[in-house]
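Asks: okay, predicted coordinates and the sequence, questions at the end:
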Amino acid sequence: DVVSLNSQLIDLDLAANGSEATLVFIPTKQFDGVQLSLNSGLVGVLTSINFNYAQRSITAPEVSSATASSCMGSSAVLSVNNPKPNTVYKWYQGNVYQAGKDGATFLTDATLTAGNYDFFVSATGNNGCETAKVKVVVTITPPPAAPLPTTTNPIATCINSPVTLSVQPVAGIIYSWYSAATGGSLLVSNSSSFTTNTNLLPGTYTYYVEAQTGSNCTNATRTPVTITVNQNSLASDIQVAGNINLCSVSTTVLTASSLTVANPKFTWYSDASLINVVNVGATFSTAQITSNTTYYITVSGDGRCANLIGNAATVNVVINPVAVATDINVSGTTTLCAGSSATLVASSSVPNAIFTWYSDAALTSVAFSGASFTTPILTVGTTYYVTIKGDGKCENTSATAKAVTVTINPLSNANDINISGTLSVCKNS
């Protein structure tokens, strides 16, 4: 491999006073010897030249980057560009040689704490000569703090009611939401909040939030955020008590209760679409009811959402007509002799009829309750007033009660008898 002094591969340094010179060049082929020859031009300048020695030099390593970074708990990867054959690359942390880690690629210790560290690499050839060290600065970044859920996050929601969950944002931190504590599906990235799906079925759902710094360091454990989707109540969860059969334009008091919903909260509506709220609470005192009216009741409570449209409980308040005398039939003997009692039996086509017998027309003195009434011993004619109430009928008023009169005939006496005939006769006549 012939090299001329005018080649760019040669570096010729003449020492002071012209006493020494150093010639450095990069061979293009393998070689096993060196020969120095002078051309005619140099002979005229140099009267003599001594060749002292030839030495093979190793090129200092070229690192892929003079800086590197990693997160706490992970290793930074350092490497040499275009590593040469038959060359050993040695790595140092500061001045400490990292024994057993020679090579063109080097991994820093994963236990390094946060901070900046100086690493060095050198090259050693077959002749045992080691080059100058090349520096690489490694920065170890601490992980971000685990995300903190927002204190206002809801803990429960209802079917078809998505909610937004969030964490407290920190400047410079990126948040990602996942379906699992490790791995799982990425639900949303670069957001401190997440909105649940609309079609979630009743149950408990947990989402996991991961924090990431600008240097791609993440917190060790994802933060769980939980939401419960409650089922809706049904009409069968509500019982209603109170007078639902009115006899005139009036008000009534209705009371709702539940055996299946803990800590129930009741809402009363006047429409099936559950828009017009007329009362909130278990007890409802209605406004004046002038016609048959239906109310719709929903309930919510621990682990339960309010009834949906079509599943509310209903209560029908009905204004029933007042019974009249013709609604009652009375059988029994109504003409008696003095000192006797009568048995009067009332009947009606009104379902579940309840009869009440009064001794006065004002219906203030009850003589008997029931269908079959046996009067006390009667000595004079007496009138009783019977009323009825039942399904779809209100009790008669004093004006419409049925009057039943028992006629009492007096007992005969001696004066009621006339005797005719001979009252005086002879013996043996």
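Replies: Good, I have the coordinates.

Asks: and the closest residue to K265 other than its chain neighbours, how far is that from V315?
Replies: Nearest residue to K265 in three dimensions, chain neighbours excluded: S300, at 5.2 Å (Cβ to Cβ, 6 or more residues apart in numbering). Heads up, the C-betas are built off the backbone N, CA and C, glycines and all. The gap separating S300 from V315 is 18 Å, by Cβ to Cβ, to the nearest Å.

Asks: so the residue nearest to K265 makes contact with Q231?
Replies: No - contact between S300 and Q231 fails when scored by Cβ atoms under 8 Å: they sit 10.9 Å apart.

Asks: which one's more surrounded, those two?
Replies: Ranked by neighbour count (other Cβ atoms under 10 Å), S300 and Q231 place S300 first, with 20 against 13.

Asks: give me the element the more buried one is part of.
Replies: Under the criterion of DSSP states H and E, S300 resides in strand 293-300.

Asks: what of K135?
Replies: strand 134-141.

Asks: what does V315 give?
Replies: Here V315, judged by DSSP H and E, is contained in strand 313-319.

Asks: quick one: the strands in the stretch 251-400 of the chain?
Replies: 253-257, 265-269, 277-280, 283-285, 293-300, 304-305, 313-319, 329-331, 335-337, 343-347, 354-358, 366-369, 372-374, 382-389 (DSSP state E, counting those that start in this stretch).

Asks: which parts of the chain are helices?
Replies: Listed from the start of the chain, the chain has helices (DSSP state H) covering 40-45.

Asks: what comes up buried for the strand holding S300?
Replies: For strand 293-300, the neighbour count (16 or more other Cβ atoms under 10 Å) marks 293, 295-300 as buried.

Asks: quick check, nearest of those residues to L336?
Replies: Using Cβ to Cβ, T293 comes nearest to L336 of the buried residues of strand 293-300, at 49.1 Å.

Asks: ok, now which ones touch the nearest residue to that closest one once chain neighbours are set aside?
Replies: Spatially, and ignoring its direct neighbours in sequence, T293 is nearest to V317 (4.8 Å; Cβ to Cβ, 6+ apart). Contacts for V317 (Cβ atoms under 8 Å, 6 or more residues apart in numbering) come out as 244-246, 252, 254, 286, 289, 292-295.

Asks: about what we covered before: can you show me the CA trace of the strand holding S300 as PDB?
Replies: As requested, the backbone C-alpha atoms of strand 293-300 are provided in PDB (Å, rounded to 0.1, in the frame of the first residue of the first chain):
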ATOM      1  CA  THR A 293    -106.900  10.400  38.800                       C
ATOM      2  CA  THR A 294    -103.800   8.200  38.300                       C
ATOM      3  CA  TYR A 295    -100.500   8.900  40.000                       C
ATOM      4  CA  TYR A 296     -97.100   7.400  39.000                       C
ATOM      5  CA  ILE A 297     -94.500   6.600  41.600                       C
ATOM      6  CA  THR A 298     -90.700   5.900  41.300                       C
ATOM      7  CA  VAL A 299     -88.200   4.900  43.900                       C
ATOM      8  CA  SER A 300     -84.400   5.100  44.100                       C
END
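
Asks: and that strand, how far out from the chain's middle?
Replies: With Cα atoms, centre = their mean, to the nearest Å as the basis, strand 293-300 stands 25 Å off its chain's centre.

Asks: same thing with stretch 78-94?
Replies: Remark: stretch 78-94 is offset 56 Å from the chain centroid, using Cα atoms, centre = their mean.

Asks: any idea of the mean pLDDT for it?
Replies: Mean pLDDT, computed over stretch 78-94, is 95.

Asks: next: stretch 336-353.
Replies: Per-residue scores along stretch 336-353 average to 95.

Asks: pull out the buried residues from it.
Replies: Of all the residues in stretch 336-353, those buried under the rule 16+ other Cβ under 10 Å are 336, 342, 344, 346, 348, 350, 353.

Asks: how close does N230 get to D109?
Replies: Distance, N230 to D109, using Cβ to Cβ: 51 Å.

Asks: of the two, who's got more company?
Replies: Neighbour totals were compared for N230 and D109, and N230 leads with 20 against 12 (other Cβ under 10 Å).

Asks: the more buried one touches N160, doesn't it?
Replies: No - using Cβ under 8 Å, N230 is not in contact with N160; the gap is 11.7 Å.

Asks: give me phi/psi at A287?
Replies: phi -70, psi 180 (degrees, to the nearest 10).

Asks: can you count the residues close to it?
Replies: Neighbour number of A287 under other Cβ under 10 Å is 10.

Asks: next: N292.
Replies: Burial measure for N292: 11 neighbouring residues, criterion other Cβ under 10 Å.

Asks: tell me the pLDDT of it.
Replies: N292 is assigned a pLDDT of 95 by the prediction.

Asks: surely it and N316 touch.
Replies: Yes - between N292 and N316 there is a contact at 6.8 Å, judged by Cβ under 8 Å.

Asks: what residue ranges in this protein score low on pLDDT?
Replies: Scanning the chain for pLDDT under 70 picks out 1-26, 30-32, 34, 36-56.

Asks: switch to 50 and redo it
Replies: Judged by pLDDT under 50, the chain has its weakly predicted residues at 7, 9-10, 15, 43.

Asks: tell me the angle of the strand holding V315 relative to strand 265-269?
Replies: Following axes from the mean of the first three to the mean of the last three Cα atoms, to 10 degrees, one obtains 50 degrees for the angle between strand 313-319 and strand 265-269.
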